[in-house]
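S.K.: can you look at this prediction? I've put the sequence above it.
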Amino acid sequence: MDTTISMDASATTLDPMRPLPYRVRSCSRETHDTRTLVLEPPRGQSLAFAPGQFNMLYAFGVGEAPISISGDPLERKALVHTVRAVGATSRAICGAKPGQVLGVRGPFGSPWPVEQITGQDVLIVAGGIGLAPLRPAIYHLLAHRSEYGRIVLMYGARTPQDLLYLKELERWRSRFDLQVEVTVDSASGKDWLGNVGVVTTLIPKANVDIHHAAALVVGPEIMMRFTLIELEKLGIPRERMYVSMERNMKCAIGHCGHCQYGPHFICKDGPVFSYARIQALFKTREV
Amino acid sequence: MPSSGLSVGQHLILERAHLPSLFEALIRKRYQLVGPTVKEGAIVYDRLKKVEDLPAGWTDEQEAASYRLKKRDDAALFGYVVGPHSWKKYLFPPQLLLWGAKRTKDGFKLTQAQEEVPPYAFIGVRACELHAIAIQDRVFLKDKYQDPHYKARRDKAFIVAVNCTQAGGTCFCVSMKTGPKATAGFDLAMTEVLEGRDHYFVVQIGSAKGASVMEKLPHKTPDAGHLQAAQARERNAAGQMGRSLETAGIKELLYRNYGHPQWEEVANRCLSCANCTMVCPTCFCSTVEDVTDLSGQQAQRVRKWDSCFTMDLSYIHGGSVRASPHSRYRQWMTHKLASWIDQFGASGCVGCGRCITWCPVGIDITQEVLAIRRSEQSETA
Amino acid sequence: MENVERLLMEHPFFQGLDPRYLKEIAGCAREQTFKAGEFVFREGEMSSQFWLIRHGKVSLEIFVPGRGPITFSTLGAGDVMGWSWTVAPFTKQYDGRALELIRTLTFDAMCIRTKCDEEPKLGYELYKRFSQVIGKRLQATRMQLLDFYGHHD
């Protein structure tokens, strides 16, 4: 049975607020509150996106939420999103069953500067669900491995049960050209033999040449703030630190005003910013 | 004697007695006329059927937190300034159905977006409002994505501008360089002249559309006296500004004062009622609501006006980023006067004074800027 | 002895310390190895030692009735472990367990304290360095308390 959905492309390209129907191929459990969805596009729809971009995912009659694309940018047949259930819309998306249709608008936003940082060592610091928008960048770096220096991934989660992409982490860990350090905020002493402590404690141990290093950081804003402090202590310049910012989003096209961060619209000037560009805003409260 | 081929920029005289013919001509062309009319003690924008619907003989008295209508001692049709409505009411409606959808056996389908958008003729658009429309054009049409709903309404709109012949109590278009004379963005621009028994309009053609409408109406060529009368009244308005705002370096001023104690000071007065954002002709924040009917089979996405003064606007992950009234007032003013310049190349404020008039506690944006400027000056003194 | 001195000189923790003091401290240190699973120190013990971890990972744990041992921190190669010898009442407040085979430089706290009594300047230098350790651990603990990734409604 052909389950691809035909759609009217013209209506959508004319109106950026109209979602396209994508069919859920699978919805697999990552953790107690996080799912990874694989979505199939309607016939004829291109799946090109740049690492760091996001889509607006629509659950019929419930609402829309901005979700980072967490799949491989080289994959053209399926769209991958990792979603954490924090509200009505994300809960509805996490509850989607195979065969169900979700609406998709996008991709939106500024991507990770993977082209600009060739030749550098790359230090990736992910906190919690922050690993999801970084995963496409990791895929890209590994697919173009020889263009980069040392690559280090530092990943912090709440507990071992909250770690995403366990199988992938293991695969990455076993590579000789990638350093992976994982830590959790606390763990049962019986089951976990890995690091315990906030991810910032790992940073002084990063094996990178600070004169030729770039950092990609995603996590809760508070975690990013403390991480950037540690990266500065390490000696990485602010122009080569990149973060992914988050704010309330409704339209994702720069028209509704919700996602403003100082003069920046996170939906189109971000979500990826160099820390140098937003350093003053980062230090300002309630902005 | 109607002449053939009026040109853009040309001036002509339209007698007050012939104004109904302009209305009729626009109605014949299927325009829906909207413009100022008296309703519930204010001059608002609403459907106009005839010239008599205009607020003839009325004027408005505006001050911070105060708006009153007063009878004039003449029959001027446009002898007031701007009220609580702006043209965004029509171009960027307060509530708009973006699309509908219904469940199908294998998913859902969006219904075709074939909106019936009436062509509006805006009667009585002031210079500040022309700038406000141009500012919203930049937001909705000239950026990365276009809003098709705004475009449909905007493309069809016919604009009859009116040059202010007096200023309002809270006006400061001169400071913002947005008036009081209309210089661009209109199809026709009129200056109303009442002199003794004479009552006429000096009309300037602003576009080919405007020319083709005026051609068929009774009009005559103005003489030097007519033009001087119009210019004198336009100058009169410019000299009466109720407020002023120094714009030099204002972006940098506000960017370096995120921590200024004035924000806390104004927060003690601000009710976060969002009136200012509702009446502001350039504020464009909106929210999107996805709803279903009781059966769950049909869904709709509706866009509604929103305001940066709500807690909801900046809500994320269990809390509002701008939880304090201090941060929300700061967001509104800094956006309007500073960030807007970085975002869209020009200020977001047109000096119409509505936010001052309609603030229930009379917060005056010009005074707030002055307070910050003065505190910097006294520091360096 | 010479080997220990060299190790101390190379370690960032002791950087800037007068070589004379390094020699003194080295006299209080010996190399030690712990097997995986072995306790390096236990809650309630007198803080008679502190360690420089040379290799391997140590879990700092608190036993919670009903939940078992909860690890709140791990320390690894290059880390200094044990600051309670600087603060009265000089007792261990939690367990330290080797997660894998570990090698340490173990310092006799009594020996060090005696030398500090004799040379207060040495004491000042050591306390300066240990305050830094305590400060960093405290800040890291605060961040754990903030529960970065938790659900905050």
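M.R.: Great, that's in hand. Residues are numbered from 1 along each chain as shown, chains lettered A, B, ... in the order given.
S.K.: can you pull out the strands in the stretch 151-287 of chain A?
M.R.: A:151-157, A:179-184, A:187-188, A:195-196, A:213-218, A:241-244, A:260-261, A:264-265, A:272-274 (DSSP state E, counting those that start in this stretch).
S.K.: B:Ala65: how many residues sit nearby?
M.R.: Using other CB atoms under 10 Å in any protein chain shown, B:Ala65 is surrounded by 16 other residues. All C-beta atoms are positioned from the backbone trio N, CA, C, and that covers glycine.
S.K.: which of the strands of the stretch 151-287 of chain A is buried the deepest?
M.R.: Highest mean neighbour count of the strands of the stretch 151-287 of chain A: strand A:213-218, a mean of 27 (counted as mean count of other CB atoms under 10 Å in any protein chain shown).
S.K.: other residues contacting that one?
M.R.: For strand A:213-218, the external contacting residues (CB atoms under 8 Å, 6 or more residues apart in numbering or on different chains) are A:112-113, A:117, A:120-127, A:130-131, A:133-134, A:137, A:149, A:224, A:227-228, A:231, A:236, A:240-244.
S.K.: which residues does A:Leu47 contact?
M.R.: Going by CB under 8 Å, 6+ apart, the list of residues near A:Leu47 reads A:41, A:75-79.
S.K.: of these, which fall within the contact range of chain B?
M.R.: Residues of the contacts of A:Leu47 in contact with chain B (CB under 8 Å from any CB of the partner chain): none.
S.K.: ok, of those, which come out buried?
M.R.: A:41, A:78-79 (16 or more other CB atoms under 10 Å in any protein chain shown).
S.K.: which among those residues gets closest to chain B?
M.R.: Closest to chain B out of those is A:Pro41 (12.8 Å), distances taken as CB to the nearest CB.
S.K.: will you turn the strands of the stretch 151-287 of chain A into JSON lines that also has distance to B:Ser207?
M.R.: Output for the strands of the stretch 151-287 of chain A, formatted as JSON lines (distance: least, CB to CB, whole Å):
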{"stretch": "strand A:151-157", "distance to B:Ser207": "59"}
{"stretch": "strand A:179-184", "distance to B:Ser207": "64"}
{"stretch": "strand A:187-188", "distance to B:Ser207": "71"}
{"stretch": "strand A:195-196", "distance to B:Ser207": "69"}
{"stretch": "strand A:213-218", "distance to B:Ser207": "50"}
{"stretch": "strand A:241-244", "distance to B:Ser207": "46"}
{"stretch": "strand A:260-261", "distance to B:Ser207": "34"}
{"stretch": "strand A:264-265", "distance to B:Ser207": "32"}
{"stretch": "strand A:272-274", "distance to B:Ser207": "42"}
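S.K.: mind putting those strands into CSV with mean pLDDT?
M.R.: Converted to CSV, those look like this (pLDDT from 0 to 100):
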stretch, mean pLDDT
strand A:151-157, 98
strand A:179-184, 97
strand A:187-188, 93
strand A:195-196, 96
strand A:213-218, 98
strand A:241-244, 98
strand A:260-261, 98
strand A:264-265, 98
strand A:272-274, 98
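S.K.: enumerate the residues of chain A near chain C.
M.R.: Contact residues, chain A versus chain C (CB under 8 Å from any CB): A:33, A:86, A:127-129, A:156-158, A:162, A:183, A:185-190, A:192-198, A:200-201, A:205, A:219-220, A:222-223, A:226.
S.K.: filter those residues down to the buried ones.
M.R.: Neighbour counting with 16+ other CB under 10 Å marks A:33, A:86, A:127-129, A:156-158, A:162, A:183, A:185-189, A:192, A:194-198, A:200-201, A:205, A:219-220, A:223, A:226 as buried within these.
S.K.: inside helices: which ones of those residues?
M.R.: A:223, A:226 (DSSP state H).
S.K.: near chain B too, which of the buried ones among the residues of chain A next to chain C?
M.R.: A:86, A:220.
S.K.: now the strands: where do they sit in the stretch 201-350 of chain B?
M.R.: All strands of the stretch 201-350 of chain B, identified by DSSP E, counting those that start in this stretch, fall at B:286-292, B:298-305, B:315-316, B:319-320.
S.K.: same thing with chain C?
M.R.: Assigned by DSSP state E, chain C shows strands spanning C:29-34, C:39-41, C:49-55, C:58-64, C:68-75, C:80-81, C:95-98, C:102-108.
S.K.: and of those strands, who's closest to chain B?
M.R.: For those, proximity to chain B was assessed by CB to the nearest CB; strand C:68-75 is nearest, at 24.9 Å.
S.K.: could you list the low-pLDDT ranges of chain B?
M.R.: B:1-4, B:113-114, B:380-381 (pLDDT under 70).
S.K.: go again using 80 as the cut-off
M.R.: Applying pLDDT under 80 to chain B picks out residues B:1-4, B:112-115, B:379-381.
S.K.: quick check: bridge partners of the spatially most central residue of chain C?
M.R.: Geometric centre of chain C, nearest residue: C:Met81, 1.5 Å, by CA atoms, centre = their mean. For C:Met81, the beta-bridge partners are C:Trp51 (DSSP bridges).
S.K.: that one against C:Gly56, yeah?
M.R.: No: with contact defined as CB atoms under 8 Å, C:Met81 does not count as touching C:Gly56 (11.2 Å).
S.K.: that older thread, nearest to B:Ser339, out of the strands of chain C?
M.R.: Closest of these to B:Ser339 is strand C:68-75, at 42.8 Å (criterion: CB to CB).
S.K.: quick check: mean pLDDT across the closest one?
M.R.: Strand C:68-75 shows a mean pLDDT of 95 in the predicted model.
S.K.: which positions within it qualify as buried?
M.R.: For strand C:68-75, burial by neighbour count (16+ other CB under 10 Å) applies to C:69-75.
S.K.: same question for stretch C:22-38.
M.R.: Applying 16+ other CB under 10 Å to stretch C:22-38 flags C:22, C:24-26, C:28-29, C:34 as buried.
S.K.: which one of these is nearest to chain A?
M.R.: C:Phe34 (14.7 Å).
S.K.: and chain C, which residues reach chain A?
M.R.: Checking chain C against chain A by CB under 8 Å from any CB, the hits are C:57, C:59-61, C:67-74, C:76, C:78, C:97, C:99-100, C:140, C:143-144, C:146-151.
S.K.: quick one on the thing from earlier: what pLDDT does the residue nearest to the centre of chain C get?
M.R.: You'll see C:Met81 listed with a pLDDT of 97.
S.K.: who touches it in this structure?
M.R.: Contacts were defined as CB under 8 Å, 6+ apart; by that measure C:Met81 touches C:40, C:50-53, C:58, C:75, C:96, C:104.
S.K.: rerun that using 7 Å as the cut-off
M.R.: C:Met81 is in contact with C:50-51, C:53, C:58, C:75, C:96, counting by CB atoms under 7 Å, 6 or more residues apart in numbering or on different chains.
S.K.: same deal with A:Leu153?
M.R.: Contact analysis of A:Leu153 by CB under 7 Å, 6+ apart lists A:124, A:138, A:172, A:178, A:180.
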